[in-house]
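> Could you work out the structure for the sequence below:
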Amino acid sequence: MGARRLGLLGLAAAAAVLLSGCVILPPPTSPPTTSPPTTSPATTSPPTTTPATTTPPTTSPATTSPATTTPPTTTPPTPSVEGGFADGHSLLGRSDADLARELDGMVATGATWLRTDVDWWLTQPSGPTAFDWGPVDRVINAARARGLRVIGMIGYTPPWARPPSTGTDDKYPPTNPADYANFARAVALRYGPLGVKHWEIWNEPNISMFWKPKPDPARYAALLKAAYAAVKAADPGATVITAGTSPAIDLPDGSDVMPVTFLEGIYAAGAGGSFDAVAHHPSNYPNMPTKPEADYRNNSFAGIIPKLHESMQAHGDGAKKVWATEMGAPAPWSGMTTDFLAAYIRDAYTAWKGWSFVGPLIWYGYRDHGTNASDIEDHFGVVYSNFSPKEPALTAIKQMLGA
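Coordinates of the predicted model:
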């Protein structure tokens, strides 16, 4: 999957076991009822955009007006926060009809951003000179046709560019950072003319799930420096964002690295001039985002976000902002209800609005991936997998985004 779902940063006691940078919450003894409502979902017409081509697009960004919906009438909407949705790699595999319906649903919430994977391994699977842009073209063209601004997360490594030893996968960084940088340059050249100007360099490299065999801030810094130079050469007006870090603590074996520690490592390796914004994934479930903690490391949202910016200020980067390129919570799951999710959404966006040093807050995700009661990954949406509203969470995010 392009973007791993984030879990709780539960450091309150050693009893919280962090796996892959997040606490994997045990399924409840009695699985929650996750069957979505059985009302028939509305139908939409399949998209009519021209199929993607293999040559770089040269058309101007689409100007289609976003869909509109009637604002909720139960409570007046609060002032909106700049935000949108992330859905990682999954959008690349949607049918045309489902892709159109998901993007239309996102726009109807008031979302203005889409974070999607730009998969190196999928686009350049066989070598450095051959490209298959089709899957990524389809998503980006559809998003731009709806007026959504796109954050492209560039990752992960195809077989030809990673260590040749048996057992490596796409989460191993490339042997040569120049190979990744060359791909990033091609991406910026292709999508810059469509108005896509924001590029996130990898995903969650502070945990061993996404940077194998284990995190290495200095090696990530080398990748970031190479990619930054390549993207800026292709599109000087582009915004380069560090990889969103996962909620994590500094584990003794180095398999997970706390976000602030990782950022300090980037600076120590000389990459402070190679990004325009810092990204973090501040999911804090099952606790509320602003739950007070004696130790800031126990809260990935209200604890870690300000500390990241303090680190940036200390290195002369106080004018740069912290972006949340993924945040979410599963519901219903392990005692977290849809009412909890609605309150969690409101708490996060309300607090975010009060910070002057932050960029967009991107929600993971819009639609549930499935209905498996034992799979946490199936329950992060604000609509169910059949597009039925997951109330009151859907109304809450509409209010926060100003729909």
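
> who touches the residue nearest to L223 when sequence neighbours are not counted in this structure?
In space, and not counting its chain neighbours, L223 is closest to P177: 4.7 Å by C-beta to C-beta, 6 or more residues apart in numbering. (C-beta placed from N, C-alpha, C; glycine too.) P177 sits next to 222-223, 225-227 when contact means C-beta atoms under 8 Å, 6 or more residues apart in numbering.

> Point out where the protein drops to low pLDDT.
1-80 (pLDDT under 70).

> the helices in it, which residues?
96-108, 120-123, 134-145, 177-191, 217-234, 259-268, 304-314, 338-353, 393-401 (DSSP state H).

> Run through the residues that contact S274.
By C-beta under 8 Å, 6+ apart, the residues touching S274 are 221, 224-225, 227-229, 240.

> Just give the nearest non-adjacent residue to it, would you?
For S274, the closest residue by C-beta to C-beta, 6+ apart turns out to be Y228, at 3.9 Å.

> And D179, how close does it get to G265?
23 Å (C-beta to C-beta, to the nearest Å).

> Then G365?
29 Å.

> Compare neighbour counts for those two and give me the winner.
Shown here are G365 and G265; by other C-beta atoms under 10 Å, G365 has more neighbours (26 against 19).

> Distance check, that one against K390.
Distance, G365 to K390, using C-beta to C-beta: 11 Å.

> Now the common contact residues for those two.
By C-beta under 8 Å, 6+ apart, the residues touching both G365 and K390 are 381-382.

> show me what contacts T337?
So T337 contacts A331 (C-beta under 8 Å, 6+ apart).

> Likewise for the one 4 residues further on?
If you count contacts by C-beta under 8 Å, 6+ apart, L341 has them with 329, 331, 382, 390, 393, 396.

> wait, which of these is closest to H281?
Taking C-beta to C-beta as the measure, H281 lies nearest A329 of the contacts of L341, at 11.9 Å.

> Neighbours of the closest residue to that closest one other than its chain neighbours, how many?
Excluding the flanking residues, the one nearest A329 by C-beta to C-beta, 6+ apart is Y285, at 3.8 Å. Residues within reach of Y285, counting by other C-beta under 10 Å, total 29.

> cool, P286 as well?
P286 sits with 19 neighbouring residues when counted by other C-beta under 10 Å.

> I figured it hits S334, correct?
Yes - under the criterion of C-beta atoms under 8 Å, P286 makes contact with S334 at 7.2 Å.

> Adding neighbour count and distance to A373, write the contacts of L341 out as CSV.
Compiled in CSV, these are given as follows (neighbours: other C-beta atoms under 10 Å; distance: C-beta to C-beta, whole Å):
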residue, neighbour count, distance to A373
A329, 27, 16
A331, 26, 12
V382, 29, 19
K390, 22, 15
A393, 24, 18
A396, 24, 23
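
> so which of these comes closest to V196?
V382 (24.5 Å).

> Now do the closest one against D117, distance only.
20 Å.

> rewinding a little: OK, contacts around the residue nearest to S274?
201, 240, 271, 274-275.

> quick one: which of these has the most company?
Neighbour counts for the contacts of Y228 (other C-beta under 10 Å) peak at I201, which has 27 neighbours.

> Can you spell out which residues form a bridge with that one?
Taking DSSP bridges as the rule, I201 bridges to I154, T242.

> Can I get stretch 320-330 in CSV, CA atoms only?
In CSV, the C-alpha atoms belonging to stretch 320-330 read as follows (Å, rounded to 0.1, in the frame of the first residue of the first chain):
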residue,chain,number,x,y,z
LYS,A,320,8.5,27.0,6.9
LYS,A,321,5.3,25.1,7.9
VAL,A,322,4.4,21.7,9.2
TRP,A,323,1.9,19.8,7.0
ALA,A,324,-0.2,16.9,8.2
THR,A,325,-0.2,14.8,5.0
GLU,A,326,-2.2,12.0,6.7
MET,A,327,-4.3,11.8,9.8
GLY,A,328,-7.1,9.5,10.7
ALA,A,329,-8.7,7.0,13.1
PRO,A,330,-10.6,3.8,12.5
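
> Now the residue positioned nearest the centre of the chain: phi and psi?
With distances taken as C-alpha atoms, centre = their mean, the chain has E326 as the residue nearest its mean C-alpha position (3.8 Å). Dihedral pair for E326: phi -160, psi 140, per degrees, to the nearest 10.

> I'd assumed I362 was in contact with it.
Yes - under the criterion of C-beta under 8 Å, E326 makes contact with I362 at 6.0 Å.

> Noted, bye for now.
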